[in-house]
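Peer 1: need a 3D model of the following:
(one chain, ligands or ions: 1)
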Amino acid sequence: MMNTNQALIVADSECIAMCTRAPYFPIVAGSAKGVIVTDVEGKDYIDMISSACVLNTGYNHDVVLRAVKAQLDNYIHFSNDYFYTSPQITLAKELIKITPGDFAKKVIFGFSGSDAIDSAIKIARAYTGRSKIVSFVGAYHGSTYGAISISAIDLNMKRKMGPFLPEVYHLDFPNISEIKDDETEAAFSHRKFADFKRAFDSYLPPEEVAAIFIEPIAGDLGLIAFPQTYLNLLREFCDSHGILLAVDEIQQGFGRTGKWFSIEHFDIVPDLVVMGKAMASGFPMSAVVGKSEYLDAIGMPGQLFTLQGNAVCASAALATIEIIRQEHLLARAIEVGSYIQARFKAVAQSVKSIRKIRGLGLSIGVEVWDEAGAVKASDIAKKICYRCYQKGLILIYIGGNTLRVQPPLIIGDDEIKNAMDIIESVFIEYARGEIADSILEKIKGW
Ligand SMILES: Cc1ncc(COP(=O)(O)O)c(C=O)c1O
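Peer 2: The predicted model follows:
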């Protein structure tokens, strides 16, 4: 006899297309509050991935609930196509304040990170009058046609759906893990940037490039940051060729790394900032923010969506900004992030399966491996994650071998200690050979 959880998952498989998910664990949400999700059977899970970096303020924060309820009582929606709403205007002003760059800016709202990426592609093409777009191998920018065209991380995001947006070029990502033993970060960056420039010397005329898209920290590749020197070179290159530098902050933005946007860690002012996921604490909302002259290059009504800037979603986004400010969540992300990294370093002293710990604020990647190469890193990651799930903690892996540690920024001291105790106990079980191979058949993931 199936329980409710299992029955719902079977029903899901019968009516929801498989391409809309990379399933990790059979959890069906019943309710959620703060950092805890309770499934339909009543089992609690500590969510260490913030529902894919959406719940930076935790589930159902009271301030979000109050703002949304007030707006629901007022009105749900008023046509953005022809008229105006005040939550949208107030939100745009706030986004202009919190994004880098001291110049006149404007905003285009959307619903998911992907469509905001499409907005950015259109803006860059319209403003520059150029067609070519550059992004990096390993990037995940989303699933609408524009966003999927500039992504390069999974063949199933390319198979059977082409042709894609023309004039898109994917260049080599400067993955710092490829640094040579005797090489400095600067030398590595210059070497990789010389490779990058070769494209522009041989087949990619820079004066025809509208924009270069980057994830300052390549999230789904394994939370790997661009090297600082490389980004400086990239900014200079864009400036000298009139190319817009567009940053995808959909995963790392809205406070996750301890700054509003991760690019601020690199002291680089981008031309376009693309955001989504956490900005409205779970309500569908995304945006591109950039110089007014860039965004105004698209004529009316070239990027209009009927429900754009919806008043309820905008109210949730305003509440999200208020919470991040009032609860000092940027500083908190740094504080809790340091604690988590210290705990993982301590675990790494006693077990051999942790290879690298990296990250900024509450966006931490923990790379696992078997030094002797006898066990696949992805199998280790699967075992760790599945056992965590069994013990009531949601943790997933990305890039095959990297645990994605991205808890809500509101996580309390006791909650994070409890979560790290569970993760540590699982690493110890793994080291003792106590996690059965049969688990590997149960977890698919991405
Ligand atoms: C870096 C990055 N860009 C873009 C997207 C696409 O956003 P969405 O799924 O909201 O369309 C994601 C989603 O995971 C992401 O992590």
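
Peer 1: measure whichever residue of the chain sits closest to the ligand to residue 78 for me?
Peer 2: Nearest to the ligand in the chain, going by Cβ to the nearest ligand atom, is residue 113, at a distance of 2.5 Å. Yep, even glycine has a C-beta here, placed from its N, CA and C like the rest. To residue 78, residue 113 is 25 Å away according to Cβ to Cβ, to the nearest Å.

Peer 1: neighbour count winner among these two?
Peer 2: Per other Cβ atoms under 10 Å, whichever of residue 113 and residue 78 has more neighbours is residue 113, with 27 against 16.

Peer 1: so what's that one up against?
Peer 2: Counting by Cβ atoms under 8 Å, 6 or more residues apart in numbering, residue 113 touches 141-142, 147, 248, 250-251, 274-277, 286.

Peer 1: near the ligand too, which of the residues you listed?
Peer 2: 141-142, 248, 250-251, 276-277 (Cβ under 6 Å from any ligand atom).

Peer 1: and those residues as JSON lines, adding secondary structure?
Peer 2: Compiled in JSON lines, these are given as follows (DSSP: H, G, I helix; E, B strand; the rest coil):
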{"residue": "141", "secondary structure": "coil"}
{"residue": "142", "secondary structure": "coil"}
{"residue": "248", "secondary structure": "strand"}
{"residue": "250", "secondary structure": "coil"}
{"residue": "251", "secondary structure": "coil"}
{"residue": "276", "secondary structure": "coil"}
{"residue": "277", "secondary structure": "helix"}
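
Peer 1: quick one on the thing from earlier: hmm, which of the contacts of residue 113 are the buried ones?
Peer 2: Among those, the ones that count as buried by 16 or more other Cβ atoms under 10 Å are 141-142, 147, 248, 250-251, 274-277, 286.

Peer 1: in stretch 353-370, what's buried?
Peer 2: 353-369.

Peer 1: could you do stretch 78-87 as well?
Peer 2: So, applying 16+ other Cβ under 10 Å, buried residues of stretch 78-87: 78, 80, 85, 87.

Peer 1: same deal with stretch 218-230?
Peer 2: The neighbour-count criterion (16+ other Cβ under 10 Å) identifies 218-227, 229-230 as the buried residues of stretch 218-230.

Peer 1: which parts of this structure sit against the ligand?
Peer 2: Residues of the chain lying near the ligand (Cβ under 6 Å from any ligand atom): 112-114, 140-142, 215, 219-220, 248, 250-251, 276-277.

Peer 1: let me know the closest of those to residue 299.
Peer 2: residue 114 (22.8 Å; Cβ to Cβ).

Peer 1: roughly how far apart are the residue of the chain closest to the ligand and residue 323?
Peer 2: Here the criterion is Cβ to Cβ. By it, residue 113 lies 20 Å from residue 323.

Peer 1: do residue 210 as well
Peer 2: Counting by Cβ to Cβ, the gap from residue 210 to residue 323 is 36 Å.

Peer 1: so what's residue 354 up against?
Peer 2: 344, 347-348, 366-368, 427.

Peer 1: in helices, which of the residues you listed appear?
Peer 2: 344, 347-348, 427 (DSSP state H).

Peer 1: out of the residues you listed, who has the most neighbours?
Peer 2: residue 427 (24 neighbours).

Peer 1: quick check: it touching residue 349?
Peer 2: No - with contact defined as Cβ atoms under 8 Å, residue 427 does not reach residue 349; the gap is 11.1 Å.

Peer 1: closest to residue 385 out of the buried ones among the contacts of residue 113?
Peer 2: residue 251 (18.4 Å).

Peer 1: is it true that the closest one touches residue 215?
Peer 2: Yes - with contact taken as Cβ under 8 Å, residue 251 and residue 215 are classed as touching, separated by 7.1 Å.

Peer 1: can you give me the strands in the stretch 151-300 of the chain?
Peer 2: Taking DSSP state E, counting those that start in this stretch to define them, one finds strands in the stretch 151-300 of the chain at 168-171, 209-214, 217-218, 224-225, 244-248, 272-275, 286-291.

Peer 1: can you redo these as JSON lines with mean pLDDT?
Peer 2: Shown next, in JSON lines, are the strands of the stretch 151-300 of the chain (pLDDT from 0 to 100):
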{"stretch": "strand 168-171", "mean pLDDT": "98"}
{"stretch": "strand 209-214", "mean pLDDT": "98"}
{"stretch": "strand 217-218", "mean pLDDT": "98"}
{"stretch": "strand 224-225", "mean pLDDT": "98"}
{"stretch": "strand 244-248", "mean pLDDT": "98"}
{"stretch": "strand 272-275", "mean pLDDT": "98"}
{"stretch": "strand 286-291", "mean pLDDT": "98"}
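
Peer 1: any idea which of those is most buried?
Peer 2: Greatest average neighbour count among the strands of the stretch 151-300 of the chain goes to strand 272-275 (a mean of 30), per mean count of other Cβ atoms under 10 Å.

Peer 1: sheet partners, orientation included, of that strand?
Peer 2: Its sheet considered, strand 272-275 pairs with strand 244-248 (parallel), strand 286-291 (antiparallel) by DSSP bridges.

Peer 1: so residue 383 sits against residue 430, correct?
Peer 2: Yes - using Cβ under 8 Å, residue 383 is in contact with residue 430, at 5.8 Å.

Peer 1: list the contacts of the residue nearest to residue 166 when sequence neighbours are not counted.
Peer 2: The shortest distance from residue 166 to any residue other than its chain neighbours is 7.4 Å, reached at residue 131 (Cβ to Cβ, 6 or more residues apart in numbering). The contact partners of residue 131, by Cβ under 8 Å, 6+ apart, come to 125, 166-167, 208, 210.

Peer 1: for those residues, which single residue is the most surrounded?
Peer 2: residue 210 (24 neighbours).

Peer 1: give me every residue that touches it.
Peer 2: 121, 124-125, 127-128, 130-133, 243-244.

Peer 1: let's see that with 6 Å instead.
Peer 2: By Cβ atoms under 6 Å, 6 or more residues apart in numbering, residue 210 lies in contact with 124-125, 128, 130, 133.

Peer 1: same check, this time on residue 147
Peer 2: 114, 117, 141.

Peer 1: go with 7 Å
Peer 2: 114, 117-118, 141 (Cβ atoms under 7 Å, 6 or more residues apart in numbering).

Peer 1: then residue 317?
Peer 2: 91, 279-280, 285.

Peer 1: if you set the cut-off to 8 Å instead, what comes out?
Peer 2: 91, 279-281, 283, 285.

Peer 1: then residue 307?
Peer 2: 77, 80, 111.

Peer 1: also residue 144?
Peer 2: 112, 114-115, 117-118.

Peer 1: which ones are touching residue 254?
Peer 2: 56, 260-261, 275, 277-279, 320, 324.

Peer 1: find the nearest non-adjacent residue to it, please.
Peer 2: Closest to residue 254 by Cβ to Cβ, 6+ apart is residue 278, at 3.9 Å.
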